[in-house]
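1. coords please:
(3 chains)
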Amino acid sequence: MFDDRSPIYQQIADKIKDDIVSGILQEDEQVMSTNQYAAFYRINPATAAKGFHLLTEEGILYKKRGIGMFVSGEAKQSLLRQRRERFFEEVVDRMLAEAETIGVPISEIIGRIEQAKGSDE
Amino acid sequence: MMTLGIEVNNLQLKYGSFAAIKNVTFSLAGGRIYGLLGRNGSGKTSLLSILASYREQTNGQVTIGGEAPFENAKIMEQVCFIQESGSFSDSSSVSDVLRLSASCWPNWDSEYAAHLIALYDLPLKKLVSALSRGMKSALGVTIGLASRAPVTIFDEAYLGMDAPSRYAFYDELLKDYMETPRTFIISTHLIEEVGSLFEEVLILDQGRLIMHEETDVLKSRGASITGSEQAVDQITEGLTILGQQMLGRTKSVTVFGELTEEHRKHALALGLELGPVSLQDLFVHLTKKEGLSNEQKEKASRP
Amino acid sequence: MSRKRKHPAHNVASELLYTYRWTFIVYWIIFISIFLGIAVFMNTNMFNNEGFDSQSAWEGASNSPKIFLMVIGILLTPLSLASFVSSGVTRKHFVIGGSFLVTLISAIFALIMTAGYPIEQMIYEQNNWTPALKNPHIFSSSDQLAGIFFEHFFLFFAYFGSGWIIGSGFARFRWQLGAIISVASLLPAMAMEVVLSSDWMGRLMQNVFEVDRNPIAVVVVLAVIVMACIVGLNYLLLRRVAIKKRMV
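-> Numbers count the residues shown, from 1 in each chain, chains lettered A, B, ... in the order given. Take a look at the predicted model:
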């Protein structure tokens, strides 16, 4: 279910973000209620609500009074933008740092990428 | 349904010369789920017994819904206290115990009780004395939930149950809490299992309240720092250290308190690994014998 | 979920009555069976000679329900207080409800005892005996039913209540003190016996206190005072008692 690595509400928010990016949750689609989340993951509803609060603050979700929470129109685009930025920072830059530590030349990395891409096609 | 808040001010309870509760002060808003953690003999049951009017405090004040609960009929019928061993008479049958509960609790929900009886397969005709530990726990849990008391307290109430029954209890508790909000206080050893249900956590140690915090906030205040001994020592200078371990030259330290962004950056620059600490680990560190000095505990409990 | 609810004290009384219903019923079935056996035995005319002492057999029978009620009284607090308090009932309402039970059961038991006297008289008359009363009473013959009822009612209440105080004493104090209390707890029962010894009381009231009026009225007042003391003492013992895993 949840690990102890980060606060549960953060993990809930991340899960919803994943679902939006991967297309499981569509634009303007209603999200499960905090109570449903709480019951499903066996957590306090206030914790689930905190995760939702985080997402509304980021503009990922919006609230329709008395109905529930919905995925906002720009959610997917802005999440993709964020992830792209993070991708270079967290994956590419880190890979390059590691490559330098263990002495792998960049040309070898590029060769490997082209090889993988080639076998894809 | 209304929920009741609880105010405890400078509470003391003595058994003869032994002080079981020492100057405990806290305030609980109504309609939340609270976890009460403490080692054996830390005073959990004593504290809960006072809230439930099983005992009268030696000193200090308790109010529930603004009124002192002891011998107050209006408050006592709204506070349901379920202990692991139960307070049911051994010579009664299960159905007699349920009958008594149904007649005493103003908000008793007999349909819900019937649902729980079926869920736990409670043998209605058996005497309480003939029940297994797990069944006694199930009977207690059934009464606590079906009482729909605005303040419902479970003191290790489900300890005798096997894992599937315990999870069924957590699910029922959560479901019922969301349908009819009320104040739950749950004392437990099984922090890993039930910790995520708590909105706030209170930790008792040797009769003192050493922590009262939102669960998430409490968890965010603990961190583990792992790396070379020298670097760890450098970064943890001035921080409250709950515990430390050495493996060769690698040192792992559990610290308590807000880690600043500066700390984090510094730690990353030194090549240290930062990680969160589980509620269970925090509890163990905060209440272990050689853990914090009382002075440190006092400091730690201040938000 | 608003339901009409009984007053908590009323609820305590009816729950206790429910708990003990079979104990009471079975007790009287056994008790009456024994006396019916004696009656049948007498009617076989085996003892039908002029030398037979025609003393009332039923008169001595009231000792058994007195002791029985005292035992039930001893059990009352240890067996039931924790159940009620853990069901959100105050100790005060437990004492009030318990006192209702003691009153009701004492009255029912006294009614049964009262009914026994005319029945016995009937049986004796068939054998041409007159039942003679050996002990002092507030009544002087088997047909003063009101006197018979009240004497038994007061005595049963006192014994039941004394037993209850013994049980409450053990719940309130450690067993050493409880043991001492249990001896002292017999005082109300003894006081009631003293109060009800009408001839003795009559003499005392006239000679010592120079009160010259119908002693029955005084007896009733004193009996009610003893009853009130029993209830009050129980409340004092249980008012602040802590609910523990084992009440004794």
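
2. C-alpha only now, for contacts and for neighbours.
-> Fine.

3. Look up how far C:Phe156 lies from A:Gln30.
-> 72 Å (CA to CA, to the nearest Å).

4. between the two, who's got more neighbours?
-> Applying other CA atoms under 10 Å in any protein chain shown to A:Gln30 and C:Phe156 shows that C:Phe156 carries more neighbours, namely 30 against 18.

5. Low-confidence bits of chain A, can you list those?
-> For chain A, applying pLDDT under 70 flags the ranges A:1-6, A:119-121.

6. Let me see the domain layout of it.
-> What automatic domain parsing lists as the domains of chain A is A:8-73, A:76-120.

7. Relative to C:Phe170, tell me which of these wins on proximity.
-> C:Phe170 lies closest to domain A:8-73 among these, at 44.4 Å (CA to CA).

8. on that earlier part again, out of the domains of chain A, which comes closest to B:Leu98?
-> domain A:8-73 (27.5 Å).

9. For chain A, what's its nearest residue on the stretch 151-300 of chain B.
-> With CA to the nearest CA, the shortest gap between the stretch 151-300 of chain B and chain A falls at B:Leu197, namely 4.4 Å.

10. got a list of what residue 56 touches?
-> Went with chain A since none was named. A:Tyr62, A:Lys63 (CA atoms under 8 Å, 6 or more residues apart in numbering or on different chains).

11. wrong chain, I was asking about chain B
-> By CA under 8 Å, 6+ apart, the neighbours of B:Glu56 are B:Ile50, B:Phe70, C:Arg240, C:Ala242.

12. what's it sitting at in phi/psi?
-> With angles defined as degrees, to the nearest 10, B:Glu56 sits at phi -110, psi 140.

13. Can you give me the distance of the residue of chain A positioned farthest from its centre to A:Ile110?
-> Computed with CA atoms, centre = their mean, the residue of chain A farthest from its C-alpha average is A:Gly103, at 32.0 Å. Distance from A:Gly103 to A:Ile110, counting by CA to CA: 14 Å.

14. With C:Leu101 instead?
-> The gap separating C:Leu101 from A:Ile110 is 93 Å, by CA to CA.

15. so after the lowest-mean-pLDDT helix or strand in chain C, what's the next helix or strand?
-> Within chain C, confidence by mean pLDDT, DSSP states H and E is lowest for helix C:198-207 among all helices and strands, at a mean of 52. The first helix or strand that comes after helix C:198-207 along the chain, using DSSP states H and E, is helix C:215-238.

16. Which neighbouring elements make contact with that next one?
-> The contact analysis (3 or more CA pairs under 8 Å, 6 or more residues apart in numbering or on different chains; DSSP states H and E) places helix C:215-238 against helix C:91-126, helix C:145-172, helix C:186-196, helix C:198-207.

17. Please identify the most buried of those helices.
-> Each of the helices and strands packed on helix C:215-238 was scored by mean neighbour count; the highest is helix C:145-172, a mean of 26, by mean count of other CA atoms under 10 Å in any protein chain shown.

18. so does that helix get close to chain B?
-> No - counting by CA under 8 Å from any CA of the partner chain, chain B has no neighbours in helix C:145-172; the shortest distance is 12.1 Å.

19. now the angle between helix C:145-172 and the following helix or strand past that helix, please.
-> Downstream of helix C:145-172, the next assigned helix or strand under DSSP H and E is helix C:175-184. Computed by axes from the mean of the first three to the mean of the last three CA atoms, to 10 degrees, the angle separating helix C:175-184 from helix C:145-172 equals 170 degrees.
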